[in-house]
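>>> Just a sequence and a predicted model for now, questions to come.
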Amino acid sequence: MVRALLALVLVAALAGCSAGSTAYSSPSADSITIGFTAPPANLDFTRTDGAAIPQALLDNVYQGLVRLDANGAVVPQLATSWTVSPDRRTYDFQLRPGVTFTDGEPFTADTVKFSIDRVRTDWTISLKSAMDVVDHVEAVSPTHARVVLRQPSNGWLFTMASRVGAMFAPNGVGNLATTPIGTGPYRLDRFNRGDSLVLTANPGYWGPKPAFARVVLKYFQDPTALNNALLSNGIDVISSVQAPDSLAQFASDERFTTIQGTTTAEVVLSFNDAKAPLNDKRVRQALTYGIDRRALLDTAWAGKGLLIGSMVPPSDPWYEDLSTVYPYDPAKARQLLADAGQQHLTLRLRIPNLPYAVDSAQVIRSQLAAIGVTVAIEELDFPAVWLKQVFTGHDFDMSIVAHVEARDIVTFGNPKYYWGYDNPAVTQLLADADTGTPEQQIADMKQVARTINADAAADWLFLLPNLIVAKRGITGIPPNQVGESFDLSALGKS
Amino acid sequence: MGKVLMALLRKAAVFLLTLAVASLVVFAFMAVLPGDPAQVALGVNATPELLAQTRHAFGIDRPLPVQYLDWIGGLFTGDFGRSYVTGDAIGPQLVDRFEVTLWLVGAATVVAVLVAVPLGTLAAAKHRKASGTVVSGLSQLGAAIPAFLAGIVLVEIFAVSLRILPSGGWTPPDADPVAFLKGLALPALSLGLVQAAVLTRYVRSAVLDILREDYLRTARAKGLKPTQALIRHGLRNAAVPVVTVLGLQLATLLIGAVVVERVFVIPGLGSMLLDAVGSRDLIVVQDVVLVLVAAVLVVNLLVDVLYTVIDPRLRRAR
């Protein structure tokens, strides 16, 4: 109590003394502080869902057999190479020798078996279903692991680069929520719940030593607080700018540099394809012709971002620019509505209360008014209410949500998904793509993207940009957000 | 003695009854809040089977009265339940978060008192002069500013422009005392200065009342200077109404801290509450609200006790 009082008096003294005596120190030379938005609830991504945990830990503390490179390609990590059998069911991984976990355990084929088996037995998050396709894992030799699938699946290897493919030490899984044990370039130093996560370089790391011995991931729920932290030298990097309008204050300041990359987050104007009047393709196409997406992007997201035209970001191998298929054409839109007998249409646009959705909705309402469509906007609390009423309850005509997951085009193969798109040809193409050769996969996926675009199954407004602001001289920041991790290993300073 | 015991028992009964009513109200609110905690926890890939399993694991598939009694029963044994989102016990987290909020509220109170008592006294002593009028006017203005707005302005000045204090964040006092104090400075000032503005007006009127009292004239007649007389004989008497207001303000401070914590990214009860509402971690919301209610009640009790310390006459009156 006395100590507390003393401290409080000190605070008051500090508050009273004139400013300027002590400068707010910036981090030391071998340390870097990066600002993020959502803090992880704990450190166990096997049982707690959410993007924040793998963003901090995957590739940095935990590693998998494979990882995604900056362009979204699957490349070796703990596996040095792999081969696929002619029936595409058996994967033989050659493992990197001499790798140890931070608790001293060696990484071997037994570890691979342990980690993959454990997804089915101990994981609880819904992503664990990605391992359902695995029949069994064999440790052929300490540096040779064989994974046999029940049926061929190209998607499986891709998900092995996500958190589901992370390798765990058999004796290191006792307290995952607070004590992660991995093979990566960093290890956990301290986790201040709700505030920050401190990582230090792993002295026994098998790869090149990272440039920064200490990395602090600091969390700011409020975007303005995040921006202020960089402006006041409290952090060195903003991992993702949430409001593009705020970029101006950094652009005019010579201390900073801005990086713009891509993400896998398609901002989709979804249509309820299963319900009148949007079960009529002509109506959906009319709406798509009636929206000027370039103008929308300029207004809603300061012109940053990419027009895509389908559910494929440029980091997927089957990307094609389909953004010009429906040029802005109000006359054609009105004609299509007339053909469909829907000249006096009123639609409910039920959106999450998130900045990109709210801003986009305003533009859409005014643009669609020009083709005679009345749009009633309803903002719903996100995620709770939106998930319940729109996503699960299918109670909507249109909505706007950023679909952030990689390769989520597969949702168009599921007629029960909230947009209710039911096209057996697309479902078949998606299945063929997963089981076929990589060449066939690319061809089939291109066909899927073109088909849903031709059907106007939704209107892909734009792809969210990855906007990073950093202090000048910091190098190696991954420009694109294509996987689940924020890779710290290549960071450096010039 | 019997009277004191009766008074204590009555206070305890009111305390418990208020908490019980508060618990019912917050539980009812959570029950009608749209959104399914299981769905929010599992996200968009949830299957119906997994949803059902999760609802069962959370215990939210049971009838509402059973859930309520289970929650309240747990509280009596010190069990605050487990978070839906993380599965962790809530009790230890509440303690951690409450400590942070206490530092903030405590520091803000110190700021408020240190600013308001001298300024209020000055405004009263010089109430016919320009300096006193200026202080009165400024306090009127300050009382109208919300704490979060004060926070935004202070950040703009001290963090963004001058770069002498951090714009936010929290360092535990045991990790780095200097960083702790620096981080506490701006949020404590934002909360404290606004409260100081309110408090200044009460101090001023309390001191003004006392300046007119006979005993102060007597003290002056004995040869004390006006300042000496005021400090020796006046301030203690002025303290009773001021402590009452301060007690009421502490409740405001706790609520203000909820918002200010968000502005300054401080992991206290306020951030915990806002996060829990967003993720529909209903049991955490219930616990935090109840802790806040209990804290306000305890402050009121303490204010009652403090009266008797300041003014011995009130002891005899009971």
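On my side now, so go ahead.
>>> what about A:Ala425, how many neighbours?
If you count neighbours by other CB atoms under 10 Å in any protein chain shown, A:Ala425 ends up with 11. Backbone N, C-alpha and C define where each C-beta goes, glycine included.
>>> got it, and the one 10 residues further on?
For A:Thr435, the count of nearby residues is 17 (other CB under 10 Å).
>>> tell me what the longest strand anywhere in chain A is packed against?
With DSSP state E applied, the strand covering the greatest number of residues in chain A is identified as strand A:256-271. Helices and strands touching strand A:256-271, as assessed by 3 or more CB pairs under 8 Å, 6 or more residues apart in numbering or on different chains; DSSP states H and E, comprise helix A:247-251, helix A:281-289, helix A:355-369, strand A:398-403, strand A:458-471.
>>> residues in contact with the closest residue to chain B within chain A?
Closest to chain B within chain A is A:Ala384: 2.6 Å, counting by CB to the nearest CB. Applying CB atoms under 8 Å, 6 or more residues apart in numbering or on different chains, we find A:Ala384 in contact with B:Leu33, B:Pro34, B:Gly35, B:Asp36, B:Gln39, B:Val40, B:Gly278, B:Ser279, B:Arg280.
>>> What count of nearby residues applies to the residue lying closest to it once chain neighbours are set aside?
Taking CB to CB, 6 or more residues apart in numbering or on different chains, and ignoring the residues beside it in sequence, A:Ala384 has B:Gly35 as its nearest neighbour in space, at 2.6 Å. As a burial measure, the neighbour count of B:Gly35 was computed by other CB under 10 Å and equals 22.
>>> and what of A:Asn202?
The burial metric for A:Asn202, expressed as a neighbour count using other CB under 10 Å, is 22.
>>> A:Asp44 is in contact with A:Ile125, correct?
No. A:Ile125 lies out of contact with A:Asp44 (CB atoms under 8 Å); the separation is 9.6 Å.
>>> hey, what's in contact with both of these two?
Residues touching both A:Ile125 and A:Asp44 by CB under 8 Å, 6+ apart: none at all.
>>> Each with direction, which strands does the host helix or strand of A:Val215 pair with?
Taking DSSP states H and E as the definition, A:Val215 sits inside strand A:214-219. Strands adjacent to strand A:214-219 in the sheet, as given by DSSP bridges, are strand A:31-36 (parallel), strand A:196-201 (antiparallel).
>>> Tell me the helix or strand right after it.
Using DSSP H and E, the helix or strand that directly follows strand A:214-219 along the chain is helix A:223-231.
>>> Quick check: which of the strands paired with strand A:214-219 is buried the most?
Per-stretch averages of neighbours, counted by mean count of other CB atoms under 10 Å in any protein chain shown, single out strand A:31-36 among those, with a mean of 23.
>>> show me the contacts for the closest residue to chain A within chain B.
Checking chain B residue by residue against chain A with CB to the nearest CB singles out B:Gly35 as nearest, at 2.6 Å. Taking CB under 8 Å, 6+ apart as the contact definition, B:Gly35 lies against A:Asp381, A:Pro383, A:Ala384, A:Val385, A:Leu387, A:Lys388, B:Arg280.
>>> quick one: which of the residues you listed has the most company?
Among the contacts of B:Gly35, B:Arg280 has more neighbours than the rest - 26 neighbours, counting by other CB under 10 Å.
>>> Quick check, pLDDT for it.
Looking at B:Arg280, its pLDDT reads 85.
>>> again with A:Ala23
The pLDDT attached to A:Ala23 in the predicted structure is 31.
>>> Check A:Pro317 too.
95.
>>> what's around it, how many residues?
Around A:Pro317 there are 14 other residues, counting by other CB under 10 Å.
>>> Quick one: classify the residue lying closest to it once chain neighbours are set aside as helix, strand or coil.
Spatial nearest neighbour of A:Pro317, chain neighbours left out: A:Ile442 (5.3 Å); criterion: CB to CB, 6+ apart. Here A:Ile442 is helix, with the state taken from DSSP: H, G, I helix; E, B strand; the rest coil.
>>> just checking, A:Ile442 touches A:Trp318?
Yes. Shown here, A:Ile442 and A:Trp318 form a contact pair, counting by CB under 8 Å, at 4.8 Å.
>>> who touches stretch A:470-482?
Contacts of stretch A:470-482 from elsewhere in the structure, counted by CB under 8 Å, 6+ apart, are A:32, A:68, A:70-72, A:211, A:230, A:236-238, A:240, A:254-257, A:259-265, A:313, A:315, A:406, A:466, A:468, A:486-487, A:490-494.
>>> Ok, stretch B:241-251 next?
B:105, B:109, B:112-113, B:117, B:195, B:198-199, B:202-203, B:206, B:296, B:299-300, B:302-303, B:306-307, B:310.
>>> Okay, buried residues for stretch B:27-47 please.
Of all the residues in stretch B:27-47, those buried under the rule 16 or more other CB atoms under 10 Å in any protein chain shown are B:27, B:30, B:35-44, B:46.
>>> how far does stretch A:197-213 sit from the chain's center?
24 Å (CA atoms, centre = their mean, to the nearest Å).
>>> Helices of the chain, start to end?
All of this is about chain A. Per DSSP state H, chain A has helices spanning A:2-16, A:52-57, A:109-122, A:154-159, A:223-231, A:247-251, A:281-289, A:293-301, A:330-339, A:355-369, A:384-386, A:424-435, A:438-454. These are given in chain order.
>>> Hmm, no, I was thinking of chain B.
Taking DSSP H, the helices of chain B run over residues B:2-32, B:37-42, B:48-58, B:64-76, B:90-125, B:130-143, B:147-154, B:177-211, B:214-221, B:226-229, B:235-264, B:269-278, B:282-310, B:312-317.
>>> And these: which comes nearest A:Lys113?
Each of the helices of chain B was checked against A:Lys113 via CB to CB, and the shortest separation belongs to helix B:48-58, namely 25.3 Å.
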